[in-house]
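[1] got a predicted structure here, sequence first:
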Amino acid sequence: MKFRAHKKQFRLPFYLVADFESFLEPTDDTEFGRGMKVVNNHEVSGFACHRVTDVKEYKTAPTVYSGPNPMSVFYDHIMKESREISKILDVEVPPEQVKDYDEATHCASCKEPFLDNMGKVHHHCHVTGIICLRLVTDVICS
């Protein structure tokens, strides 16, 4: 199975990219089966995390940390990002957009008319609230 309908996708408004740095620390050569041994542990020493978005006012500089308890600091950072992004995405659709949706007769993606047996659905940008009208089925929007 292979996904080929890339033009039917919508971009994510936000995502996080993270990278960890670590150093190798020797162990006591603990054997864990079939003659295999753990000879080093990766000890996390820091991270970098960057919020990626196309929306200019919500772009931020990468966060870089190196110091004590990097995994706890990373977790706190991710949770903070989650709260901030949730606040940004909590927008209501403006009333004029609802009116435009109600009056629409054509799909905004493929420009085909809505048919009696195929309804229209809301797709709106969770950052700006702007609505894009799509057909319920992908039969016409192909």
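    Sure thing, it's come through. Numbering: from 1, shown residues only.

[2] the longest helix along the chain: which residues count as buried?
    Counting residues, the longest helix found in the chain (DSSP state H) is helix 70-89. For helix 70-89, a neighbour-count test (16 or more other C-beta atoms under 10 Å) marks 70, 73-74, 77, 81, 85, 88 as buried. Where you see a C-beta, it was placed from the backbone N, CA and C, and this is true even at glycine.

[3] neighbouring strands - and their directions - for the longest strand along the chain?
    For the chain, the strand that runs over the most residues, judged by DSSP state E, is strand 15-33. The pairing partners recorded for strand 15-33 under DSSP bridges are strand 36-52 (antiparallel).

[4] lowest-confidence entry in the buried residues of helix 70-89?
    Among those, residue 88 has the lowest pLDDT, at 87.

[5] look up how far residue 51 lies from that one.
    Distance, residue 88 to residue 51, by C-beta to C-beta, to the nearest Å: 10 Å.

[6] what of residue 107?
    For residue 107 relative to residue 51 (C-beta to C-beta), the value is 32 Å.

[7] many thanks, we can stop here.
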